[in-house]
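Asker: What shape does this take:
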Amino acid sequence: MEVIQVNQLTFHYPDAKGAALDEVSFHVKQGEFVVLCGASGCGKTTLLRHLKKETLPVGKRSGSVKYNGALLEELPAALAAEQIGMVFQNPENQIVMDQVWHELAFSMENVGYEQAVMRKRLAEMSHFFGLEELLYKSVHEISGGQKQLINLASVMLLQPKLLLLDEPTSQLDPVAARDFLQLIYRLNQEMSMTVIISEHRLEDVIPLADRIVMLEGGRVKYDAAPRELCQSIGDQEAPNDLSYLPSVTKLFLSALPAGNPIAVQEIPLTVREGKRWLAGQDGIKTDLTGHEGNHESKVQDAKQRLLACDEITFKYEKTGSEVLKKLSLNVYKHEFLAVLGGNGAGKTTMLQMMAGLLQPQRGRVKKEKNIKVGYLAQNPLLYFSYDTVEEELQRMAAYAGLVDREGKIARIVDALQIAAILPKHPYDLSGGEQQRAALALVLLGEPEVLCLDEPTKGLDPIAKQRTAELLQQLCQLGKTIVMVTHDIEFAAEHATRCAMLFDGAIAAEAAPALFFGTNYFYTTAINRTVREWLPDALTVKDVIDRWAN
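Answerer: A predicted model of the protein is given here:
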């Protein structure tokens, strides 16, 4: 039985030149796990919003969306609210109450459940999600991962048949993201709940999917099972599409001799399948074994130190616990430093102190004289005050007192590939587009040290690569970058040094090969796959380079 039927759906936002969705058609069967992917701005969020009556966007549409054979817009309000649940990208956007148990009860109160029903469901759901210890906490005290769990539990209390999720792991650390996705998978497997999830973090979600629907420019480009999708992309040798596949799959496709047919059943999607494939490749294992890399971290010259956190301590409330505890960290000229750690570890607090937005209560932040520090916050909406992206850029260029304003803006627009969004209102952009627009504003200030809080959040693989190229160019031009991130693959490939923040202090710091090569959870899928033969390899390129040598 088909739960969702989308037929020839076309949609234009008001005053938009092009269609956000262009004759989109696809059907979803009961109990399927479907992943939506594609470039930022390709229409994933717009499509998801068309699958829930309450979130239908304003604009001109044609075609139809049916739920269990009935037109979506004709569903009774109570049935639509109960049977179709949605979890949004930003955990903060979905929370409306002050206490956790109030938030959980809110959706049931709106539907009008009796108190006995509410208590029973709340007890069952709290136990399933492990929320007992959080029930009486303020929503402001809990981490981003916990907030997203609360959002999911709130939706599940209405016992929906269809669950829609719009990049729900974009703000979660790697461990919390995997836990969240496994919880979604359990609901799909144990309750036969139909799941449609939009994601850029495809490494962990593709192996769980029954089908992948990839959008491009508002159209469906692929609609296939995961291994069939990988086969199609591998046969076409499309490098942009290849970037969406799991690292293990990309390694497999790269290792195939040119012209060899790709057998669908042999394509690995997970680390376990990748290790099994490698175990049967004697020639590859021989090539890899014994090629140890250089684990030594480059010793930095103390004279080149631009910024230093010297035993800084900070807490937000007088009676609260310390977020940072005598944290010490040096930042050196021209380096690309990535700081990792779990949700709530204090990474953003540390970054704001480096940027001078917060002052430590003990210890101090030392800076070289006349060093300008730029700061990109995790929430890009904080940077927008005007009606178009172009106006935002012009106002920032004027504020920064740039001599060649138009030339500087043009170079940054070209580097970040944001020309198409210049006439748009910042609030009409996708999450990834907002992130790039905010980064452009920060770069116009011409900082020597750039502090970035989750700069790849909401970005598709192609946009991430463009961002990486831009950041590397900035380093070559003399800029220094400090990046807080949950994106292990990005940090492993592009950072020159990595640090782990734990329990309010830096627990470890080293060059990427040594840092990730000795980690168990905080490492790349490729490292987990080939560690037995090549302990210091972190990316597909690392492994391919060893084969070439």
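Asker: Not including adjacent chain positions, what is the nearest residue to residue 436?
Answerer: Of all residues not flanking residue 436 in the chain, residue 416 sits nearest, at 4.8 Å (Cβ to Cβ, 6 or more residues apart in numbering). Backbone N, C-alpha and C define where each C-beta goes, glycine included.
Asker: who's in contact with that neighbour?
Answerer: Residues in contact with residue 416 (Cβ atoms under 8 Å, 6 or more residues apart in numbering) are 436, 439, 440, 466, 467, 470.
Asker: next one: residue 362
Answerer: 311, 312, 313, 326.
Asker: From residue 477, how far off is it?
Answerer: Look at residue 362 and residue 477: by Cβ to Cβ, to the nearest Å, they are 36 Å apart.
Asker: Which neighbouring elements make contact with the longest helix anywhere in the chain?
Answerer: Secondary structure of the chain per DSSP state H: the longest helix is helix 174-191. Using 3 or more Cβ pairs under 8 Å, 6 or more residues apart in numbering; DSSP states H and E, the elements in contact with helix 174-191 are helix 144-156, strand 162-166, strand 194-198, helix 202-205.
Asker: which stretch among those comes nearest residue 342?
Answerer: Across the helices and strands packed on helix 174-191, the minimum distance to residue 342, taken as Cβ to Cβ, is reached by helix 144-156, at 8.0 Å.
Asker: now the helices: where do they sit in the stretch 251-400 of the chain?
Answerer: Per DSSP state H, counting those that start in this stretch, the stretch 251-400 of the chain carries helices over the ranges 271-279, 282-288, 347-354, 389-400.
Asker: again, but for the stretch 1-150 of the chain
Answerer: 44-49, 77-83, 91-94, 100-111, 115-129, 144-156.
Asker: Buried residues of the shortest one, list them for me.
Answerer: In other words, helix 91-94. By neighbour count, and taking 16 or more other Cβ atoms under 10 Å as the criterion, the buried residues in helix 91-94 are 91, 94.
Asker: can I get the CA coordinates of that helix in PDB?
Answerer: As requested, the backbone C-alpha atoms of helix 91-94 are provided in PDB (Å, rounded to 0.1, in the frame of the first residue of the first chain):
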ATOM      1  CA  PRO A  91      16.100  21.700  17.500                       C
ATOM      2  CA  GLU A  92      15.500  25.200  18.800                       C
ATOM      3  CA  ASN A  93      12.800  26.000  16.200                       C
ATOM      4  CA  GLN A  94      10.500  23.200  17.400                       C
END
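Asker: Any chance you could list what contacts it?
Answerer: By Cβ under 8 Å, 6+ apart, the list of residues contacting helix 91-94 reads 87, 88, 144, 147, 148, 150, 151, 154, 171.
Asker: circling back: could you check the angle the longest helix of the chain makes with helix 144-156?
Answerer: Orientation note: helix 174-191 sits at an angle of 20 degrees relative to helix 144-156 (axes from the mean of the first three to the mean of the last three Cα atoms, to 10 degrees).
Asker: what mean pLDDT does helix 174-191 have?
Answerer: The predicted model assigns helix 174-191 a mean pLDDT of 90.
Asker: now do stretch 368-386
Answerer: Confidence over stretch 368-386 (mean pLDDT, whole number) is 89.
Asker: for residue 222, which residues make a bridge with it?
Answerer: When bridges are taken as DSSP bridges, the partners of residue 222 come out as residue 214.
Asker: Just confirm it contacts residue 214, I think it does.
Answerer: Yes. With the criterion set as Cβ atoms under 8 Å, residue 222 and residue 214 qualify as a contacting pair; they are 4.2 Å apart.
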